[in-house]
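A.B. asks: this is the structure alone, sequence omitted:
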């Protein structure tokens, strides 16, 4: 296949995929908004979500999504057949990442190459090159216990006690620090703050520059403050938090935002905007 055709067709399929996902999200949110005032128990909310999934519109969107995913997989496998003379999974993963970089997901790689997600995640982009993680002994049990005790079994950024993960302050990948797995380079973060610490991409970029600025980041980042305010609102996830932060990069600007202004944020409909505004006024 011609390179230009590949890139254009891939972009077209990706745009269709994202559009369908946005429509699925919008459909779900509209149903929740319609019945939100009547919900008194979490079970009732689950029943509404199950009812949405049984609608013809939801099923049709899922069918369209499956077709797009199949088309993407056919594109990837055809690309591999045309450009590789080997069946080695490592070479296939490298070829896919060199061609599409961060645009191709781990799920898409595992399907095209027929490998596990764990193996696919061993490969990452660094300065435009695909690199495989070095084998390491990992964090010792003793160090893990120390970090948990030192950080009081809670996220050092938001204080959450759930979904905790040990974060390498200076990443192992591409790091020149000898003792990456020692306690001074480790911190306890919840899953959401861990994502934010990596600026929304575990394999590229950080929200801070070094060890010292990491601890400053846990106290001062506006994005984390916004996440802490919004995370308990139904319908707000990390993606929406990221979108809100791009439009309103400080608590002060967010508090001044109108409902109409909030609806201009991608993925935020009127019902969600009203819930956000209500939380901000409390």
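C.D. replies: Happy to help now that I have it. Everything quoted here is computed from the prediction, not taken from an experiment.
A.B. asks: now the element after the worst-scoring helix or strand of the chain on mean pLDDT, going C-ward?
C.D. replies: Sorting the helices and strands of the chain by mean pLDDT, DSSP states H and E puts helix 42-53 at the bottom, at a mean of 70. Per DSSP states H and E, the first helix or strand lying C-terminal to helix 42-53 is helix 56-83.
A.B. asks: which residues touch the helix or strand following that following helix?
C.D. replies: Sequence-wise, the next helix or strand downstream of helix 56-83 (DSSP H and E) is helix 89-100. Contact partners of helix 89-100, identified using Cβ atoms under 8 Å, 6 or more residues apart in numbering, comprise 6, 10, 76, 79-80, 83-84, 86, 104, 109, 112-115, 119-120, 123, 125, 130, 132. Yep, even glycine has a C-beta here, placed from its N, CA and C like the rest.
A.B. asks: tell me the buried residues in helix 89-100?
C.D. replies: By neighbour count on 16 or more other Cβ atoms under 10 Å, the buried set for helix 89-100 is 89, 92, 93, 94, 95, 96, 97, 99, 100.
A.B. asks: same question for that helix, mean pLDDT?
C.D. replies: Mean pLDDT, helix 89-100: 91.
A.B. asks: again, but for stretch 58-67
C.D. replies: 94.
A.B. asks: so what touches the helix or strand residue 112 falls within?
C.D. replies: Per DSSP H and E: residue 112 is located in helix 106-113. Around helix 106-113, the neighbours that count as contacts under Cβ under 8 Å, 6+ apart are 69, 72-73, 76-77, 80, 89, 92-93, 96-97, 115-117, 120-121.
A.B. asks: could you redo the last one with a cut-off of 7 Å?
C.D. replies: Residues from elsewhere that reach helix 106-113 (Cβ atoms under 7 Å, 6 or more residues apart in numbering): 72-73, 76-77, 80, 89, 92-93, 96, 116-117, 120-121.
A.B. asks: report the angle between it and helix 56-83.
C.D. replies: 50 degrees (axes from the mean of the first three to the mean of the last three Cα atoms, to 10 degrees).
A.B. asks: any idea how far helix 106-113 is from the chain center?
C.D. replies: Relative to the chain's own centre, helix 106-113 is displaced by 17 Å; criterion: Cα atoms, centre = their mean, to the nearest Å.
A.B. asks: how near is residue 7 to residue 100?
C.D. replies: Using Cβ to Cβ, to the nearest Å, we find residue 7 at a distance of 9 Å from residue 100.
A.B. asks: what separation do you get for residue 240 and residue 22?
C.D. replies: Distance from residue 240 to residue 22, by Cβ to Cβ: 11 Å.
A.B. asks: before we move on, what about residue 74?
C.D. replies: 23 Å.
A.B. asks: with residue 281 instead?
C.D. replies: 28 Å.
A.B. asks: give me the more crowded residue out of these two.
C.D. replies: Ranked by neighbour count (other Cβ atoms under 10 Å), residue 281 and residue 22 place residue 22 first, with 12 against 7.
A.B. asks: host element of that one?
C.D. replies: helix 3-35.
A.B. asks: which helices and strands does that helix pack with?
C.D. replies: Packing contacts for helix 3-35, counted by 3 or more Cβ pairs under 7 Å, 6 or more residues apart in numbering; DSSP states H and E, involve helix 42-53, helix 56-83, helix 270-281.
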